[in-house]
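Novice: Pasting the sequence and the predicted model now:
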Amino acid sequence: MKEIVIISGKGGTGKTSLTASFAMLGGKDVIVADCDVDAADMHLLLEPDFQDSEDFYSGELAYIKQDQCIKCGKCADVCRFDAIPIINTRYIVDPLSCEGCGYCARVCPTNAIINKSLNVGKWYISNIKTGSTMVHAKLGIGADNSGKLVAKVKSEAKNIAEEEQKDFVIVDGSPGVGCPVVSSLSGASFVVLVTEPSVSGLHDLKRVYELVNKFNIKAGCIINKSDINQKVTVEIENFLEKENIVHLASLPYNEDFTKAMTIGQTIVEYSNGSLKQLITDSWNNILNIVNIKK
């Protein structure tokens, strides 16, 4: 089984739109994993039914049992995150500041502090309009541990792919180079980098490829809106050639992307023109690179 991960160095490059298009082209043969858990939006294009859902717990949060608290203040003194303020004469844990380290519980002389498992979001298994399955999730507001939630989504998607004997999993990764992206890249067979011809686009492409290169994963690149800045497009093409990154496609700016999204469709459903053909050719090229028969 192969794992194809689509990522970008910055948001707004068209990464999710292209991932959803690849999912449509892959149809029933592909399991989809939406690992952009901080800003999940693949559901807007693939019509999941949210058939199965489960809370996701990761990390801990301190809780003070007020009936056992003697207000000695030792917990507040040792907390390096200033997460235990005094409110109305009571020591209270601020859930947004608490890191769940447990130090306060260790120094409490009356055992009035316990750590509770933290619900940081939900993950889902859904049937989607391709006739296949998508595993996706939503991180709670202000919640941490998105990397662990990404790992859960990927693990479940791979389990389903193995059980149903699918050839591959498509992963929509988070933008940037943080923990969720590292988690998305783990175990990848091939990485598709989506960029745009802007100064920030080129800069962030170089950053994210540096990360991909550390994993020693073969990569390809799609330059979206390639005609809006020809000078930077040439710089990107030179970078791809220098780093031996497969140049999968250069897509022109096209408002059909936006028109398709507004009615909940991918570009390969909405358009029958040259843009659809370019994306289809890119998909077939990816399949050839990872040695999957069409």
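Specialist: Perfect, thanks for sending it.
Novice: Remind me which helix or strand residue 268 belongs to.
Specialist: Assignment of secondary structure by DSSP states H and E places residue 268 within helix 267-270.
Novice: In that helix, which residues are buried?
Specialist: Across helix 267-270, burial judged by 16 or more other Cβ atoms under 10 Å covers 267-270. Bear in mind the C-beta positions are built from the backbone N, C-alpha and C, glycine included.
Novice: Quick one: residues contacting residue 49.
Specialist: Residues near residue 49 by Cβ atoms under 8 Å, 6 or more residues apart in numbering: 126-128.
Novice: same deal with residue 13?
Specialist: 175, 194-196, 201, 224.
Novice: Just the ones of these in strands?
Specialist: Filtering the contacts of residue 13 for membership in strands, criterion DSSP state E, returns 194-195.
Novice: of the contacts of residue 13, closest to residue 150?
Specialist: residue 175 (12.9 Å; Cβ to Cβ).
Novice: how far away is that closest one from residue 140?
Specialist: For residue 175, the distance to residue 140 equals 20 Å [Cβ to Cβ, to the nearest Å].
Novice: Turn the contacts of residue 49 into a markdown table, including distance to residue 92, secondary structure and pLDDT.
Specialist: A markdown table is the format used below for the contacts of residue 49 (distance: Cβ to Cβ, whole Å; DSSP: H, G, I helix; E, B strand; the rest coil; pLDDT from 0 to 100):
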| residue | distance to residue 92 | secondary structure | pLDDT |
| --- | --- | --- | --- |
| 126 | 39 | strand | 98 |
| 127 | 44 | strand | 97 |
| 128 | 43 | coil | 97 |
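Novice: Including distance to residue 55 and neighbour count, could the residues you listed go into CSV?
Specialist: Converted to CSV, the contacts of residue 49 look like this (distance: Cβ to Cβ, whole Å; neighbours: other Cβ atoms under 10 Å):
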residue, distance to residue 55, neighbour count
126, 16, 21
127, 21, 16
128, 22, 21
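Novice: Columns distance to residue 80 on top of the residues you listed, output as JSON lines?
Specialist: As requested, the contacts of residue 49 are arranged in JSON lines below (distance: Cβ to Cβ, whole Å):
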{"residue": "126", "distance to residue 80": "41"}
{"residue": "127", "distance to residue 80": "46"}
{"residue": "128", "distance to residue 80": "44"}
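Novice: Give the buried residues for stretch 31-51.
Specialist: By neighbour count, with 16+ other Cβ under 10 Å as the criterion, the buried positions of stretch 31-51 are 31-38, 40, 42-43, 45-46, 48.
Novice: whoops, I mixed them up, stretch 154-173
Specialist: By 16+ other Cβ under 10 Å, the buried positions in stretch 154-173 come out as 154, 156-158, 160-161, 166-173.
Novice: Okay, now that stretch: how far is its last residue from its first?
Specialist: Start and end residues of stretch 154-173 are separated by 10 Å (Cα to Cα, to the nearest Å).
Novice: Kindly report the same for stretch 247-259.
Specialist: For stretch 247-259, the first-to-last residue distance is 26 Å (Cα to Cα).
Novice: quick one: contacts for residue 36?
Specialist: 16, 42, 172-175, 180.
Novice: And the strands in the protein, which stretches?
Specialist: Using DSSP E, strands in the chain cover 2-7, 30-34, 52-64, 86-87, 90-91, 113-127, 133-139, 168-172, 190-195, 219-223, 246-250.
Novice: winner for burial among those?
Specialist: strand 30-34 (a mean of 28; mean count of other Cβ atoms under 10 Å).
Novice: Against which helices or strands is that strand packed?
Specialist: Applying 3 or more Cβ pairs under 8 Å, 6 or more residues apart in numbering; DSSP states H and E, one finds that strand 30-34 contacts helix 15-26, strand 133-139, helix 146-163, strand 168-172.
Novice: CA atoms only: put the shortest one into PDB for me.
Specialist: In this case it means strand 168-172. Extracted C-alpha coordinates of strand 168-172, given in PDB (Å, rounded to 0.1, in the frame of the first residue of the first chain):
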ATOM      1  CA  PHE A 168      -3.200   3.700  -1.600                       C
ATOM      2  CA  VAL A 169      -4.100   6.400   0.900                       C
ATOM      3  CA  ILE A 170      -4.300  10.100  -0.100                       C
ATOM      4  CA  VAL A 171      -3.400  12.500   2.800                       C
ATOM      5  CA  ASP A 172      -4.300  16.200   2.900                       C
END
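Novice: Relative to the whole chain's centre, how far out is it?
Specialist: Here the centre of strand 168-172 is set off from its chain's centre by 11 Å, with Cα atoms, centre = their mean, to the nearest Å.
Novice: I'd like to know the average pLDDT value across that strand.
Specialist: In this model, strand 168-172 has a mean pLDDT of 95.
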